[in-house]
Structures are given as C-alpha cells and as structure tokens.
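1. Please work out how this folds:
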Amino acid sequence: MSSSSKKSKRTKAKKKEKKGPGNDSRYFSSTKKGEIAELRRELNSMNEEAVKDAVKKVIASMTVGKDVSALFADVLKRMTTQDTELKKLVYLYIITYARSSPKVVLLSVNSFTKDAKHRSPLIRALVIRTIGCIRLPDVVDYFCPPLAEGLKDPDPYVRKTAAVCVAKLYDISPEAVEEHGFLKTLRSLISDHNAMVVANAVAALAEIAESTSKDVFKITPDMLNKLLAAMNECTEWGQVFILDCLAKYNPTAKQAETVVERVVPRLIHANSAVSMSAVKVIIKYLDVVENTSMRSYVMREKIPNPLITILSGDKPELQYIALRNINLILQKEGKLLDKHVRHFFCKYNDPLYVKLEKLEIMARVASNDNYDKILMELRAYGSEVDEAFVRRAIATIGRIAVKLDGAARKC
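-> The predicted structure is shown next:
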C-alpha cells in the first residue's frame with residue numbers, strides 16, 4: 001500500500017466524528033449555510049437515531065444563540081416519541097420557544113395530557129415542570145387538568161414537582177389556581193408522608209403569600225406538628241422554607257416551648273442559612289415562652305455560638321449578612337453578646353462595609369465590663385489609612401462615652 005493512500009485513510013479517520021454521550025461538543029461546531037433546511041429534513045427522518053441527532057443539533061444551536069424557532073412545528077412532532085432522552089430535549093426546546101409560537105403550543109396539549117399519564121414518574125414530572133415553564137396565559141386552562149393529576153400522583157417526585165408548579169401558575173393566572181382549588185390541595189400536601197413534598201408545598205405557599213395579601217398559609221396545630229416532623233427528614237433548603245414559615249406563626253406558650261426545643265439543634269447546622277432561620281424562629285418564640293430558666297439558657301448558651309461561628313467564616317459577604325442580623329438581634333437583646341466582644345474587632349483584611357458594621361455592633365455591646373477592651377481597640381484604629389473608617393471609629397468612641405459614664409472619663 002502506498003504512503004499516499006495510508007495518509008488519505010488517516011485523514012478520513014480524523015475527520016470521521018465519533019458519536020456518543022461523551023462527544024456532544026461536535027453539535028456546536030456546525031456553521032453551514034442552509035442549516036435550517038437540513039435540520040428540518042433530518043427531523044422528519046424515519047430513523048429515530050437521526051432524529052435524536054438532529055434535535056441535539058437544534059438544542060446546540062439554540063444554546064449558542066442561533067434562532068431555530070422556525071423548526072418549532074417540526075420539533076413538536078417528536079413529542080410522541082417513547083425515547084426519554086429525546087423527549088427531554090423536545091420539552092427543553094418547547095420551553096425556550098413557546099412564547100414565539102403560542103398557537104403552535106396549543107397543538108401539543110394532547111401530547112402533554114397523554115404524557116401526564118405516562119408509566120414513568122420521570123416523564124410525568126417532566127410534563128409538570130414544562131407546564132410551569134410555559135408562561136402563556138392562553139394555555140393555562142388546558143394545563144390545569146394535568147397539574148391537578150400531578151398534585152395527587154402516587155409518586156412523591158411528581159407531587160413535589162407539581163407543588164412548585166402551582167406557585168409558577170399562580171404568577172400567571174391566580175384566578176385559575178383558585179378556581180381549580182390548587183391552594184387547598186397545596187395545604188393538604190403539608191400533611192404528606194414525604195418530607196420533600198411537604199417542603200416544596202411550604203415553599204410554594206410562601207411564594208404565593210408574598211405576591212398576594214390573602215392569608216394562603218393558615219397553620220393549624222396539627223399542621224405545626226407535621227412541619228416539625230418533616231423538618232427532620234427534608235434537605236437543608238427544605239428546612240429553611242419550613243423555618244421561615246414557622247417564623248410567621250403566632251404560637252401559644254406551650255407550642256413555643258415545643259418548637260424551640262425542636263429547632264435548637266438547627267443552630268449548629270453546617271448551612272448558615274438554616275442556622276440564621278433557626279435563630280429567627282427562636283428569638284420570636286422565646287417572647288412567648290413562660291419558662292424563664294429555659295429562655296435564659298437558650299439566650300445565653302445556645303444562640304451566641306452559632307452567630308459567632310458564622311461570623312468567623314472567610315467570606316466577607318456572609319460575615320456582613322451575619323453582622324446585620326446580629327445588629328438586629330442586639331436591638332432586642334442588648335446583652336446577648338457582651339462577653340464575645342473580641343469577635344467583633346476589625347481585621348486588617350476586612351472590607352470597609354464589614355468594618356463599619358463591626359463598629360456599630362461594638363457600640364451596642366459596650367458595657368461596664370468590657371468598655372476598656374473596646375476603647376483600647378478603637379484607639380488603635382486611629383492610625384488606619386482609610387479616612388472613612390477612622391472617622392467612624394472616632395464617632396464610635398464618642399457613642400460609648402455618652403452611653404457609659406466610666407468610659408467617658410477614659411476617652
């Protein structure tokens with residue numbers, strides 16, 4: 001065999017594309033003219049693999065910003081496929097271009113209704129998720145029956161997806177949600193045996209409550225126990241939703257004690273969002289607790305350490321959020337952190353907004369027992385190069401002097 005023919009074969013082998021899930025980058029490399037016409041031809045092919053390959057090319061073109069909305073009707077025909085991967089790609093395309101072809105979307109209603117009864121819970125959930133993302137008022141009435149079935153689906157994955165979809169649907173058409181009784185169904189999902197379904201139902205109701213003046217979230221004593229039970233099993237963000245929901249409830253003294261006991265372990269959670277939400281619930285509920293020894297113990301022994309832990313992180317944005325929350329808590333509980341004043345001393349690498357917030361807190365926690373340490377630290381700040389920081393430090397010294405007579409004689 002001649003060297004030229006060998007070279008020719010090697011060149012052809014390099015040019016030949018390798019297909020497979022690990023080589024999908026090839027779909028992004030096409031810049032041919034007349035590509036839309038070629039894709040339309042491939043989409044109408046009788047070969048399932050060729051169709052899937054064509055849809056992947058369409059999605060790739062859509063991802064890089066090319067307008068492939070002209071293929072909407074051709075892609076829509078492929079909703080009837082039994083291939084799960086292809087169906088996911090078609091739904092992704094529909095979500096993206098539904099607004100540009102609202103009349104064509106109406107043609108897909110029968111396919112959505114059929115897929116909503118598919119034997120696979122993944123497909124049923126995919127239908128519900130797609131319904132929530134197609135934000136067209138004209139098709140809301142057609143999508144309500146599949147959503148109603150999804151809320152009562154035997155599979156928890158479908159139910160939790162449907163719960164989130166109700167909140168999205170409410171944003172488009174509140175009348176349709178109320179007419180079909182979805183709010184009542186959402187409240188009933190709080191009693192669901194699956195913790196993730198409960199968490200998503202709470203999140204959906206909370207989102208709806210923010211957009212309306214109606215009291216859509218009516219917590220009953222029985223519902224309170226369900227929320228506390230679900231909090232032990234759901235994910236950390238599910239816990240945040242539930243805790244934020246509990247913070248809006250007005251408990252009795254007995255309920256407050258029970259909730260505080262159940263929420264206190266969340267103070268040491270690895271996720272700072274869970275910790276801060278737990279602090280918010282506890283601070284509110286302790287006002288109702290009649291057991292003074294319990295109140296004092298939680299305030300002095302349980303709450304300070306989590307706040308200090310969040311503050312000691314290496315992310316200034318998180319530190320600032322913690323400081324803002326600490327500042328609000330100190331306005332209510334002024335002596336809560338007076339023994340932890342050293343944690344609020346400014347570091348050389350702290351951003352200015354963190355330093356200014358620390359100065360504000362130092363002024364609040366200053367007492368007759370710790371003002372010597374605070375004044376000594378504030379004097380050191382006088383040699384800093386940042387003029388705004390130095391001015392605020394001097395102003396803080398003045399605030400402490402006005403607040404404490406003993407400090408005034410040392411300023």
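2. The residue nearest to the spatial centre of the chain: helix or strand, and which one exactly?
-> Centroid-nearest residue in the chain, with Cα atoms, centre = their mean: Trp237, separated by 7.0 Å. Taking DSSP states H and E as the definition, Trp237 sits inside helix 236-246.
3. What residues sit buried inside that helix?
-> Neighbour-count burial for helix 236-246 flags 238-246 (criterion: 16 or more other Cβ atoms under 10 Å). Any C-beta I mention is one placed from the backbone N, CA and C, and that applies to glycine too.
4. on that earlier part again, would you enumerate the residues in contact with the residue nearest to the centre of the chain?
-> 199, 273 (Cβ atoms under 8 Å, 6 or more residues apart in numbering).
5. gap between it and Arg324?
-> In this view, Trp237 and Arg324 are 21 Å apart by Cβ to Cβ, to the nearest Å.
6. give me phi/psi at Lys315?
-> phi -100, psi 110 (degrees, to the nearest 10).
7. what's the neighbour count on it?
-> Per other Cβ atoms under 10 Å, the neighbour tally for Lys315 reads 11.
8. Also Val385?
-> For Val385, using other Cβ under 10 Å, the count is 6.
9. element containing it?
-> Val385 belongs to no helix or strand, assigned by DSSP H and E.
10. Check the gap between the residue nearest to the centre of the chain and His269 for me.
-> Trp237 sits 11 Å away from His269, going by Cβ to Cβ.
11. Any idea how far apart the tips of stretch 325-343 sit?
-> 15 Å (Cα to Cα, to the nearest Å).
12. What residues of that stretch count as buried?
-> Buried-residue list, stretch 325-343, by 16+ other Cβ under 10 Å: 325-326, 329-330, 336-338, 340-341, 343.
13. Just to be sure, which of the residues you listed are found in helices?
-> The helices, defined by DSSP state H, take in 325-326, 329-330 from the buried residues of stretch 325-343.
14. mind putting those residues in a markdown table, pLDDT included?
-> Listed next are these as a markdown table, based on pLDDT from 0 to 100:
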| residue | pLDDT |
| --- | --- |
| Asn325 | 87 |
| Ile326 | 89 |
| Ile329 | 87 |
| Leu330 | 88 |
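15. Farthest pair within those residues?
-> Farthest apart among those by Cβ to Cβ are Asn325 and Leu330. That separation is 9.7 Å.
16. Just list the residues touching the closest residue to Glu384 other than its chain neighbours, thanks.
-> In space, and not counting its chain neighbours, Glu384 is closest to Val390: 5.4 Å by Cβ to Cβ, 6 or more residues apart in numbering. By Cβ under 8 Å, 6+ apart, Val390 lies in contact with 381-382, 384.
17. From Leu378, how far off is Val390?
-> 10 Å.
18. can you list residues touching both of the two?
-> With the criterion set as Cβ under 8 Å, 6+ apart, the contacts of Val390 and Leu378 do not overlap.
19. Do you have the helices of the stretch 301-411 of the chain handy? List them.
-> 304-311, 316-332, 352-365, 371-380, 387-403, 405-408 (DSSP state H, counting those that start in this stretch).
20. And those: which comes nearest Asp74?
-> It is, among the helices of the stretch 301-411 of the chain and with distance given as Cβ to Cβ, helix 316-332, at 46.5 Å.
21. Please name every helix or strand in contact with the closest one.
-> Here helix 316-332 touches helix 272-286, helix 304-311, helix 352-365, going by 3 or more Cβ pairs under 8 Å, 6 or more residues apart in numbering; DSSP states H and E.
22. got the contact list for it?
-> Contacts for helix 316-332 (Cβ under 8 Å, 6+ apart): 272, 276, 279, 283, 303, 307, 310-311, 313, 336-337, 350-351, 353-354, 357-358, 360-361, 364-365.
23. do that again at 7 Å, thanks
-> Here helix 316-332 makes contact (Cβ atoms under 7 Å, 6 or more residues apart in numbering) with 272, 276, 283, 307, 310-311, 313, 336-337, 350-351, 353-354, 357-358, 360-361, 364-365.
24. Check stretch 397-410 too.
-> By Cβ under 7 Å, 6+ apart, stretch 397-410 touches 363, 366, 368, 371, 374-375, 378, 411.
25. quick revisit: can I get the buried part of the contacts of helix 316-332 as one ChimeraX selection?
-> ChimeraX command restricting these to the buried ones, with burial defined by 16+ other Cβ under 10 Å:
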select :272,276,283,307,310,311,336,337,350,354,357,358,360,361,364,365
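26. Low-confidence regions, the chain specifically.
-> Scanning the chain for pLDDT under 70 picks out the ranges 1-34.
27. Now do the buried residues in the strand or helix carrying Val127.
-> Following DSSP H and E, one finds Val127 within helix 121-133. Buried residues in helix 121-133, defined by neighbour count with 16+ other Cβ under 10 Å: 121, 123-132.
28. Now for the closest residue to Tyr285 other than its chain neighbours: which residues touch it?
-> Leaving out its chain neighbours, the residue that sits closest to Tyr285 by Cβ to Cβ, 6+ apart is Ala256, at 4.2 Å. By Cβ under 7 Å, 6+ apart, Ala256 lies in contact with 285, 288-289.
29. so how far is Tyr249 from Ala256?
-> From Ala256 across to Tyr249, the span is 10 Å (Cβ to Cβ).
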